[in-house]
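Student: pasting a predicted model and its sequence here:
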Amino acid sequence: MSMTVGHKPYTGAINTDSARYKRAKAMYDEGHPNGEETKSAAQEKIEQDLEDLKMLKRMLGQKYDDFDLIFKNPFEADEETFIRNYMGLFDEDGDLINAYGVAGMDITGKDPSEFHKIIDVPETARQDMFDETMRHFIQENGVANGDTTKRTEVFTRYQLSVDKPDRLSGTWTLGQYERMYTKAFYNAVKEADPGWQLGQPFDTNIVRSMTREDVEKRIVKGSTEFSLKPEPSLDIKV
């Protein structure tokens with residue numbers, strides 16, 4: 001399973017003119033209209049649970065006046081602490097950083113046509129994805145298992161290796177390669193054993209003998225998607 005990086009508070013000097021600060025300040029202002037602090041969902045739930053417990057005590061004839069709970073939200077310590085926490089969500093350009101530490105992957109408000117585009121992806125990234133796709137296909141007998149795949153690590157390595165403007169379309173393109181590799185492995189096993197079904201063991205040498213180069217020779221690239229030409233059959237004449 002993929003490991004997330006998580007967000008950390010911003011610890012550098014605060015530049016109020018920076019895009020990172022402005023994004024964080026806007027989030028603070030949205031949650032604190034007119035300087036008033038708003039209750040978080042967690043705080044409201046705790047307060048409601050407290051009232052329910054007090055009502056239960058009243059119904060049972062028990063004392064409840066001295067029963068109280070103080071809720072402290074760490075984000076509400078002070079404005080600077082709050083803003084530093086949110087500044088950690090953005091890079092220096094004010095772009096959202098995802099849970100894997102990569103900026104430029106936010107698709108909020110974007111039409112899929114903006115990034116569902118085929119662009120050049122380095123051979124190193126394609127080989128990385130081919131190797132992981134093969135490993136996972138063999139390990140899980142062709143079944144896609146989100147708990148054991150390491151595809152997110154492959155995508156993250158690729159994303160961090162290219163310029164931010166290329167990350168969304170490049171990730172889409174690398175995903176198209178992944179899909180073709182998987183399809184090629186599946187077709188090869190089915191051709192060798194027509195009765196084979198996903199999840200059943202198979203001769204792993206069928207897949208291990210395949211190379212990325214051989215698969216990619218069969219890929220037909222469209223403007224937004226890939227397709228795979230059938231494996232050429234041997235034409236044996238007697």
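Tutor: Received, thanks. Keep in mind the model is a prediction, meaning the values are calculated, not measured. Residues are numbered from 1 along each chain as shown.
Student: use CA for all of it now, contacts and neighbours both
Tutor: Noted.
Student: quick check: the residue nearest to His136 when sequence neighbours are not counted vs Met180, distance?
Tutor: Of all residues beyond its chain neighbours, the one nearest His136 is Thr149 (6.1 Å), with distances taken as Cα to Cα, 6 or more residues apart in numbering. Counting by Cα to Cα, to the nearest Å, the gap from Thr149 to Met180 is 17 Å.
Student: which strands or helices does whichever helix in the chain runs longest pack on?
Tutor: Using DSSP state H, we find that the single longest helix of the chain is helix 167-192. With contacts defined as 3 or more Cα pairs under 8 Å, 6 or more residues apart in numbering; DSSP states H and E, helix 167-192 has these neighbours: helix 123-139, helix 151-161, helix 205-208, helix 212-216, strand 226-228.
Student: now that helix: buried residues?
Tutor: The neighbour-count criterion (16 or more other Cα atoms under 10 Å) identifies 167-182, 184-189 as the buried residues of helix 167-192.
Student: I'd guessed Leu89 sits against Leu96; true?
Tutor: Yes: because the distance of 5.9 Å satisfies Cα atoms under 8 Å, Leu89 is recorded as touching Leu96.
Student: so who does Gln200 touch?
Tutor: The contact partners of Gln200, by Cα atoms under 8 Å, 6 or more residues apart in numbering, come to Asn141.
Student: run the last query once more with 10 Å
Tutor: Neighbouring residues of Gln200 by Cα atoms under 10 Å, 6 or more residues apart in numbering: 140-143.
Student: how about Gly195?
Tutor: Contacts of Gly195 by Cα under 10 Å, 6+ apart are Val189.
Student: give the helix, strand or coil label for it.
Tutor: Under the three-state scheme (DSSP: H, G, I helix; E, B strand; the rest coil), Gly195 adopts coil.
Student: need phi/psi at it.
Tutor: phi -90, psi 0 (degrees, to the nearest 10).
Student: once you drop chain neighbours, what's closest to Ala125?
Tutor: Sequence neighbours aside, Tyr158 is the residue nearest to Ala125 in space, at 5.9 Å (criterion: Cα to Cα, 6+ apart).
Student: tally up the residues packed near Ala16, please.
Tutor: Careful, residue 16 is Thr and not Ala. Number of residues near Thr16 (other Cα atoms under 10 Å) recorded here: 10.
Student: now it. Nearest residue, chain neighbours left out?
Tutor: Leaving aside its sequence neighbours, Thr16 sits nearest to Lys22 (Cα to Cα, 6+ apart; 6.9 Å).
Student: report the contact partners of that neighbour.
Tutor: Contacts here follow Cα under 10 Å, 6+ apart; on that basis Lys22 touches 15-16, 28, 83, 87, 94.
Student: looking at the residues you listed, which has the most residues close by?
Tutor: Per-residue neighbour counts (other Cα under 10 Å) across the contacts of Lys22 peak at Met87, which has 28 neighbours.
Student: list the buried residues for stretch 102-116?
Tutor: Neighbour-count burial for stretch 102-116, counted by 16+ other Cα under 10 Å, picks out 102-105, 115-116.
Student: closest one of those to Ile219?
Tutor: Looking at those and their distance to Ile219, the nearest is His116, at 17.4 Å (Cα to Cα).
Student: now that closest one: how far from Ile107?
Tutor: 11 Å.
Student: what residues do these two have in common as contacts?
Tutor: Leu168.
Student: so what pLDDT did the residue nearest to Thr16 get?
Tutor: In the predicted model, Lys22 carries a pLDDT score of 96.
Student: thank you, goodbye.
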